[in-house]
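> have a look; sequence and predicted model below, questions after that.
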Amino acid sequence: QADVLQGLEENTWVYLACRGKQDCEQPYNSHFIMKDEPILLLDIMEKDIPHTEFAFLLACHTAIGDEETPNKVIHFTAGMQFSGFKSIIGMLWEVDNAVVKYIVKVFYKNSFKDLKEGDEIHCTKAAWALNCAMHSVKTKVLLEQKMVFIHVGV
């Protein structure tokens with residue numbers, strides 16, 4: 001947990017591939033499950049992470065709220081945006097691992113496309129790169145497997 005929180009301070013891009021547990025009653029207690037102890041959404045929101053740009057939350061249900069009041073609950077994706085991340089990709093529900101692996105591969109391929117040595121990657125390409133990844137599986141996977149990823153932010 002400490003390493004991940006430190007990593008948030010030291011990196012502009014964050015990739016979390018883990019399980020998440022949403023707490024609809026106390027949304028700030030929603031947490032990512034780590035090897036040693038969970039990372040609460042509140043832990044992230046309280047960190048001083050001014051250089052954050054992009055987060056890829058590869059954990060199921062990171063972009064949904066409470067079924068009863070879906071627009072009134074802070075989900076992981078919104079919490080990361082409140083924490084200062086400019087661009088976040090979250091997941092609505094579980095998806096086949098092979099599909100995730102392929103989407104992530106195509107996403108990063110397009111994120112780094114046309115970069116020259118010394119260039120910096122920009123979070124503003126995240127929505128476009130995700131769109132490219134979704135188009136690449138357009139006819140290969142079921143609709144509910146494609147609709148799982150959402151982008152929030154710039």
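That came through fine.
> let's check: the centremost residue of the chain is which one?
Leu57 (2.5 Å; CA atoms, centre = their mean).
> spell out the secondary structure type for that residue.
strand (DSSP: H, G, I helix; E, B strand; the rest coil).
> which residues does the closest residue to it other than its chain neighbours bridge with?
Leaving out its chain neighbours, the residue that sits closest to Leu57 by CB to CB, 6 or more residues apart in numbering is Gly90, at 4.7 Å. The C-beta positions use only the backbone N, C-alpha and C, and glycine is treated the same way. The residues paired with Gly90 through beta bridges, assigned by DSSP bridges, are Ile150.
> what do you get for Ile39?
The bridge-partner assignment for Ile39, based on DSSP bridges, gives Phe32.
> any idea of the pLDDT on it?
Ile39 is assigned a pLDDT of 91 by the prediction.
> which residues sit against the helix or strand where Leu42 lies?
Element membership of Leu42 [criterion: DSSP states H and E] is helix 41-46. The set of residues external to helix 41-46 that reach it, using CB atoms under 8 Å, 6 or more residues apart in numbering, is 1, 5, 8, 27-31, 74, 76, 79-80, 82-83.
> kindly report the same for stretch 130-138.
89, 99, 102-104, 106-107, 110, 145-146, 149, 151.
> farthest-separated two in those?
The widest separation within those, taken as CB to CB, falls between Asn110 and Gln145 and amounts to 19.0 Å.
> sorry, back to before: the residue nearest to Leu57: neighbour count?
Using other CB atoms under 10 Å, Gly90 has 27 neighbouring residues.
> for it, what are its contacts?
With contacts defined as CB under 8 Å, 6+ apart, Gly90 is in contact with 57, 62-63, 75-77, 80, 149-150, 152.
> which stretches of the chain form helices?
With helices called from DSSP state H, the chain shows them at 2-10, 41-46, 76-82, 97-111, 126-136, 143-146.
> what's the closest of those helices to Lys35?
Nearest to Lys35 among these is helix 2-10; the distance by CB to CB comes to 9.6 Å.
> now do the buried residues in that closest one.
For helix 2-10, a neighbour-count test (16 or more other CB atoms under 10 Å) marks 4, 8 as buried.
> ok, and what's touching that helix?
Outside of helix 2-10, the residues that reach it under the criterion CB under 8 Å, 6+ apart are 14, 16, 32, 34, 39, 43-44, 47-49, 52.
> what does stretch 25-32 give?
Under the contact criterion CB under 8 Å, 6+ apart, stretch 25-32 has outside partners 4, 16, 18-23, 38-42, 45, 59, 73-76, 79.
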